[in-house]
Each structure stands twice: as C-alpha cells, then as structure tokens.
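A.B. asks: Sequence and computational prediction follow.
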Amino acid sequence: MKVLVINSGSSSLKYQLYDMTDESVLAKGLVERIGMDSSILTHKPTGKEEVTEVSEILEHNTAIRKVIEKLTDKTHGVLESVSEINAVGHRVVHGGEFFKESAIVDQQAKKDIRALIDLAPLHNPAAIMGIDASEVNMPGVPQVVVFDTAFHQTMPEKAYLYAIPRVLYNKYKVRRYGFHGTSHYYVSHAAADFLGKPLEDLKVITAHIGNGGSLTAVQGGISVDTSMGMTPLEGLMMGTRSGDLDPAIVPYVMNKEELTVSEVNLMLNKHSGLQAISGISSDMREITDGLEKGDPHSTLAFEMYEYRLRKYIGSYAAAMNGVDVLVFTAGVGENSAIVRKSVCENLSYLGVEIDEELNKVRSGDPRRISTPNSKVEVLVVPTNEELVIARDTYKLINK
Ligand code: ADP
C-alpha cells in the first residue's frame, strides 16, 4: 500500500512517497519555480543518489507528470509503474468550517475548497491545482485532503470569535481558524507518547515556530485555542509577518501612506516581523549571529520575538489554568537552543526549568530538555506533517 503525499504551493510542489506497511519514506522531493523560467526538480529516492533536473515546468500538471517520471525512472525510481500508487494525500491550508477532519476528494469537497479561496487566496488555489493535476496523471486513484485548520475546529466559540459585530461572522465567516493544525496535532500526540501518558490527561502548549509560527493550547487532547487567526498573520512575531498589532494601525498607516489593501497586506505579511526589526534577515540563524556579534537591531529583533512568544505561552497557561507540557517544534523550535533557553529562563514562575546540556543536544527524535525538578515537561519534538497526511489518507481509503 503506497501513498503519495503532495503539498502544492503556488509555484512549488513538495512530495513524499510512503510505503504504509512500515510507514517508510520511499522517495521525496520538490519542484520549485513552477511557471517561471528554469524550474528545478529535486528528487531524493531513499538509498539512491539524489537528482536535480532543470527544465520548463509551466504548471502543476507537468510538475506531477515529471514527479511520476522520476518515481518510475529505471535509475532513480522506486516504483515499477505509477499503478503502484494506491492513494494520494494532499495538504490543504484552509478547510474553513466545512472540514473538521480529513476527507476523501469528491465533487463536493472540491467545491468547498474552492469556496474557501476567498479566505485563503494564496493557498487554496494551489491545492486545487495539485488535486486536478493528480486526477489527470493518476486517474481513478483515490485522493484525500488534509487541512491545516481541521485540528482547531474544536475551539470553543469564546476562543474563535472576534469581539466585532456578529453579522461579520454570520455573513462572511470572520472568525479564528488557526493553522499548522497537522503539526500541532502530530507533536502533541508524539509528546504524550514520549511521556507515556494519555494526551487527554495533559495540558499541552505546542509551539510550532518556523518561518511562520503559531502556538496552540491542547487540553483534553483537543485544540482549545491557537494564536493564528482568520489568516496566518495573527499571533506571534514571525520571519516576515507582524503577528499581533493594534488593528487601528492598519487604517491609520493606509491613510498616511496612501496604501492600497494589497500594499498594506504585503507590508504586514512580507516586510514585517524579524525582517523589519533587524533590517537584516527573516532567518533566525542570521538574527542569532547578529545577536552574538552585538548588532543592536538583531538583538532587538531577537528580544521582541522571544518576549512575544513567552507572553503567548503565559496566556495559554492562563487559558488552561496550568500547563504540564511545553513542546517546541519546526525550524526554530527544533534547532534554536538559544530561543528555547531564552524563553524558558523567563518561565520560572510556572516552574519551568531546563537542562542547558540537554537543550544543546541535536537529534531527529523527540527529546526532553527539562530537568527532573521542572514542574513542566519541556520537549523538542520534530514535526512530521507528511506522515499525518499519509496516515489519514491510508485510514480514509481503507474505511
Ligand atoms: P516553514 O515555516 O517555512 O515550514 P521551517 O519550519 O522549516 O519553515 O523553519 C524555517 C526557519 O527555521 C528558518 O527561516 C530559520 O529561521 C529557522 N532555522 C532553521 N535552522 C535553524 C537553526 N539551526 N537555528 C536557528 N533557526 C533555524
């Protein structure tokens, strides 16, 4: 039983092929610069040499055809024929209120994903392209959609509504949806497994911090609050996104600078966050380098990032009336010992105590970085959204 996992962006397409008998990855890869000149396909078959191919890939249909060519290639392939792929699982960013869990792709599902383009104009069209291209290249193969928002559909009204006129929710579904749900789901479950305790009995805060970042409060095994909102702009300070700000700033700046809606969106999504404050980079590695060299702008960017992250952790501890487990994941969470240390040092009021040596350990496995005395278990859990997508796909098509 083989499942192909596809994550379509507007100009990129990531894939992973799983053998579900043992959940091993047979191959993975990435197509970049779709629709631009010189598209790049990087194919990594497990146990064989990696290949990179530069060619003209104008749309997702060709991208998937090229991926299948590589998967079935005599030298670099891992399959005899495309017919060995039993199912395809797609990552979809926005499932709105339609999708509380993963779903088999049918006409209705496609219609619902299309209806949500309004809420996720940058993301859902790419998912649709990936689904259509898979149908063309793998006709008859069942497809499943897995949503970034689904895990957060358990949030209570008090957490997902904004304190604005109710009519905006009724008419336009303006509310908090939250994102990175597949990752928050995976790492909260993996944390409970690691600790050997039922997730239902734990109050967990999961910090998924990469280029984008979000925090989730997981109580009784479900998401009860999360920091991203109607869009992935709200919440933490991120690489290029502002995170929380006074909403009155938006009309004020638009007025002063005579900005259009798309210009102000661009400013808040692409020219804010670490990038704006440091003036150097959106990448935490470069910010940390700047911090270590004493660059004042990088230092401020780092301090703001850490301060805002820590305030959110405190607010979720308040939301759940306590916290048993704090989990760090994604690019920054998994790799930046200094971010973890700085945050945890200032959470001593919660009884958080981390072991500096354990915090420095690098490993691809879940690990504990707190001391035996710590009142909160602090873990680093590498996320694996693709595996969740493969598992859900497998489960749904075998139902
Ligand atoms: P995305 O949100 O795009 O999925 P990732 O979760 O892969 O991204 O996170 C990417 C970010 O992780 C990079 O921009 C970088 O800031 C950060 N990162 C990766 N490695 C390190 C490291 N060793 N130290 C600090 N930050 C790191």
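C.D. replies: Sure thing, it's come through.
A.B. asks: The stretch 251-399 of the chain against the ligand: which residues are in contact?
C.D. replies: Within reach of the ligand by CB under 6 Å from any ligand atom, the stretch 251-399 of the chain has these residues: 283-285, 288, 330-332, 335-336. No exception for glycine: its C-beta is placed from N, CA and C like everyone else's.
A.B. asks: closest to the ligand among those residues?
C.D. replies: For these, the minimum distance to the ligand (CB to the nearest ligand atom) is 2.0 Å, reached by Gly331.
A.B. asks: Within the helices and strands, which one has the closest one?
C.D. replies: helix 330-335 (DSSP states H and E).
A.B. asks: what's the average pLDDT for that helix?
C.D. replies: On average, the pLDDT along helix 330-335 is 98.
A.B. asks: Packing partners of that helix?
C.D. replies: strand 203-209, helix 337-345 (3 or more CB pairs under 8 Å, 6 or more residues apart in numbering; DSSP states H and E).
A.B. asks: outside of it, which residues touch it?
C.D. replies: Here helix 330-335 makes contact (CB atoms under 8 Å, 6 or more residues apart in numbering) with 180, 183, 207-211, 213, 284, 327-328, 339-340, 362, 380, 382-383.
A.B. asks: In that helix, which residues are buried?
C.D. replies: By neighbour count with 16 or more other CB atoms under 10 Å, helix 330-335 contains the buried residues 330-335.
A.B. asks: Show the residue spans covered by the strands in this protein.
C.D. replies: Using DSSP state E, the strands of the chain run over 2-8, 13-19, 24-32, 39-45, 51-55, 85-92, 103-104, 143-147, 203-209, 213-219, 222-226, 325-329, 367-368, 377-380.
A.B. asks: And for Ala318, the neighbour number?
C.D. replies: 11 (other CB atoms under 10 Å).
A.B. asks: Residue numbering should commence at 28 henceforth.
C.D. replies: New numbering, starting at 28: the last item is Ala345.
A.B. asks: would a markdown table of the helices and strands packed on helix 357-362 with distance to Glu380 and mean neighbour count be doable?
C.D. replies: Supplementary listing: the helices and strands packed on helix 357-362 in a markdown table, determined by distance: least, CB to CB, whole Å; neighbours: other CB atoms under 10 Å:
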| stretch | distance to Glu380 | mean neighbour count |
| --- | --- | --- |
| strand 230-236 | 16 | 28 |
| helix 364-372 | 8 | 20 |
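A.B. asks: Which neighbouring elements make contact with the lengthiest helix in the chain?
C.D. replies: As assigned by DSSP state H, the longest helix anywhere in the chain is helix 323-347. In terms of contacts (3+ CB pairs under 8 Å, 6+ apart), helix 323-347 is packed against strand 230-236, strand 240-246, strand 249-253, helix 300-305, helix 311-319, helix 364-372.
A.B. asks: can you put these in JSON lines and add distance to Tyr45?
C.D. replies: Below are those laid out as JSON lines (distance: least, CB to CB, whole Å):
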{"stretch": "strand 230-236", "distance to Tyr45": "22"}
{"stretch": "strand 240-246", "distance to Tyr45": "25"}
{"stretch": "strand 249-253", "distance to Tyr45": "25"}
{"stretch": "helix 300-305", "distance to Tyr45": "34"}
{"stretch": "helix 311-319", "distance to Tyr45": "30"}
{"stretch": "helix 364-372", "distance to Tyr45": "30"}
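A.B. asks: Quick check: mean pLDDT of the longest helix of the chain?
C.D. replies: 98.
A.B. asks: contacting residues around the residue of the stretch 128-277 of the chain found nearest the ligand?
C.D. replies: Residue nearest to the ligand within the stretch 128-277 of the chain (CB to the nearest ligand atom): Gly237, separated by 2.2 Å. Going by CB under 8 Å, 6+ apart, Gly237 touches 266, 357-360.
A.B. asks: Tell me which two in these are the farthest apart.
C.D. replies: Gly266 and Gly360 (13.2 Å; CB to CB).
A.B. asks: Rebuild the helices and strands packed on helix 357-362 as CSV, extending it with distance to Ile416.
C.D. replies: As requested, those are exported to CSV (distance: least, CB to CB, whole Å):
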stretch, distance to Ile416
strand 230-236, 16
helix 364-372, 27
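A.B. asks: what's the closest of those to Met255?
C.D. replies: strand 230-236 (9.6 Å).
A.B. asks: What are the buried residues along stretch 63-71?
C.D. replies: Quick answer for stretch 63-71 (16+ other CB under 10 Å): 66-68, 70-71.
A.B. asks: Now for those residues: which two are most distant?
C.D. replies: Using CB to CB, the pair of the buried residues of stretch 63-71 lying farthest apart is Ser66 and Lys71, separated by 17.0 Å.
A.B. asks: Now stretch 296-309: buried residues?
C.D. replies: Going by neighbour count (16+ other CB under 10 Å), the buried part of stretch 296-309 is 296, 299-305, 307-309.
A.B. asks: now those residues in JSON lines, with pLDDT?
C.D. replies: Shown next, in JSON lines, are the buried residues of stretch 296-309 (pLDDT from 0 to 100):
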{"residue": "Asn296", "pLDDT": "94"}
{"residue": "Ser299", "pLDDT": "97"}
{"residue": "Gly300", "pLDDT": "98"}
{"residue": "Leu301", "pLDDT": "98"}
{"residue": "Gln302", "pLDDT": "98"}
{"residue": "Ala303", "pLDDT": "98"}
{"residue": "Ile304", "pLDDT": "98"}
{"residue": "Ser305", "pLDDT": "98"}
{"residue": "Ile307", "pLDDT": "95"}
{"residue": "Ser308", "pLDDT": "96"}
{"residue": "Ser309", "pLDDT": "97"}
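A.B. asks: Looking at those, point me to the pair that's furthest apart.
C.D. replies: Asn296 and Ile307 (18.7 Å).
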